[in-house]
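K.L.:
Model the structure of this input:
(one chain, ligands or ions: 1)
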Amino acid sequence: MNSKERISHDDYQKTADWLKSQTKHRPKVAIICGSGLGVLADTLKCQDSFAYSDIPGFPQSTVQGHAGRLVFGELKGKTCVCMQGRFHMYEGHSPCKTTFPVRVFKLLGVETLIVTNAAGSLADGLRPGDIMIIKDHVNFPGLVGMNPLFGPNDDKFGPRFPAMSSCYDKGLRSLAMEIGKQLGVSKLMQQGVYAMVGGPNFESIAEARLLHRLGVDAVGMSTAPEVLVAIHCGLRVFGLSLITNKVVKSYEDMDSVNHEGVLEVSRLRSQTVQQLVTELVSRMETNNNNAV
Ligand SMILES: O=P(O)(O)O[C@@H]1C[C@H](O)[C@@H](CO)O1
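P.N.:
Take a look at the predicted model:
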């Protein structure tokens with residue numbers, strides 16, 4: 001992997017233009033589906049879908065539980081584009097490649113990005129099956145320079161030094177909590193801090209204890225780079241983590257986490273996540289709510 005790989009504005013534009021030539025949908029909302037959460041894309045009406053391998057310039061998904069399809073369609077009358085599968089840096093993608101779709105979405109006219117992921121919990125009050133609305137993140141790879149915004153800044157997308165002090169839109173977070181109450185799932189929901197680690201290994205016990213001490217509520221291997229790029233180019237962001245496991249913090253604990261277990265829990269809760277996101281999309285304000 002070349003972490004300094006450059007992608008030009010033209011490269012993003014070419015992909016956006018190709019997609020525009022293939023679908024009449026003009027989404028205002030983009031949704032990135034986390035591990036095992038891709039079923040949301042299947043619920044879009046009037047679908048146009050594209051395998052990542054057929055989209056010029058798109059990276060490929062290699063992880064089980066990430067189908068590798070971009071799906072355009074309507075969710076309760078709002079036009080959306082949904083990534084059924086995301087890219088992770090541990091797959092060998094550079095930070096820029098990992099976040100390539102986000103800038104393409106911007107060029108397609110998207111205004112709001114919804115990110116979902118599977119994550120392990122460090123907070124005692126977060127159990128497997130719970131939904132954590134992300135209020136902030138710690139971007140560990142970013143702190144040491146694995147950052148998609150590294151390199152010459154593209155002023156057409158955003159400023160050299162973007163602020164990250166209010167990444168996760170407060171209004172959308174409140175709306176999601178409100179919807180959770182109405183769906184009768186508020187007991188499963190709370191807001192918290194997500195940390196991205198590089199993966200692909202799960203945490204050692206010493207690492208888990210460190211994250212816990214730092215005030216991290218849930219840990220995963222994605223999301224933060226997508227959010228940096230989205231905020232940089234002026235998108236509104238909403239994020240949620242489906243808690244799929246407790247991170248082992250004790251040497252006496254014989255539990256251990258694996259990807260199959262992560263996928264199993266996310267599939268069990270995928271319908272609730274789908275309802276929550278669908279209601280959120282249907283009730284959020286967008287500049288142009290028209291479906292195609
Ligand atoms: O794409 P997400 O962040 O949902 O995937 C999580 C993190 C790892 O890719 C994988 C571990 O099981 O799930």
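K.L.:
In the protein, which residue sits closest to the ligand?
P.N.:
Scanning the chain for proximity to the ligand using C-beta to the nearest ligand atom identifies Gly34 as nearest, at 2.8 Å. Any C-beta I mention is one placed from the backbone N, CA and C, and that applies to glycine too.
K.L.:
Contacts only, for that residue.
P.N.:
Arg86, Val115, Thr116, Asn117, Ala118, Gly220, Ser222, Thr223, Ser241, Leu242, Ser266 (C-beta atoms under 8 Å, 6 or more residues apart in numbering).
K.L.:
which of these has the most neighbours?
P.N.:
With neighbours set by other C-beta atoms under 10 Å, the maximum within these is found at Thr116, which has 31 neighbours.
K.L.:
For that one, which three-state class applies?
P.N.:
Here Thr116 is strand, with the state taken from DSSP: H, G, I helix; E, B strand; the rest coil.
K.L.:
Sticking with the closest residue to it other than its chain neighbours, tell me its helix or strand.
P.N.:
Nearest residue to Thr116 in three dimensions, chain neighbours excluded: Gly34, at 4.4 Å (C-beta to C-beta, 6 or more residues apart in numbering). In this structure, Gly34 sits in neither a helix nor a strand according to DSSP states H and E.
K.L.:
circling back to that earlier point, what subset of the contacts of Gly34 is also close to the ligand?
P.N.:
The subset of the contacts of Gly34 within reach of the ligand, by C-beta under 6 Å from any ligand atom, is Arg86, Asn117, Ala118, Gly220, Ser222.
K.L.:
TSV for these, including distance to Ala41 and pLDDT?
P.N.:
Output for the ones next to the ligand among the contacts of Gly34, formatted as TSV (distance: C-beta to C-beta, whole Å; pLDDT from 0 to 100):
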residue	distance to Ala41	pLDDT
Arg86	12	95
Asn117	15	97
Ala118	16	97
Gly220	20	98
Ser222	17	98
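K.L.:
need those in CSV with distance to Val193, can you?
P.N.:
Supplementary listing: those in CSV, determined by distance: C-beta to C-beta, whole Å:
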residue, distance to Val193
Arg86, 20
Asn117, 13
Ala118, 16
Gly220, 12
Ser222, 15
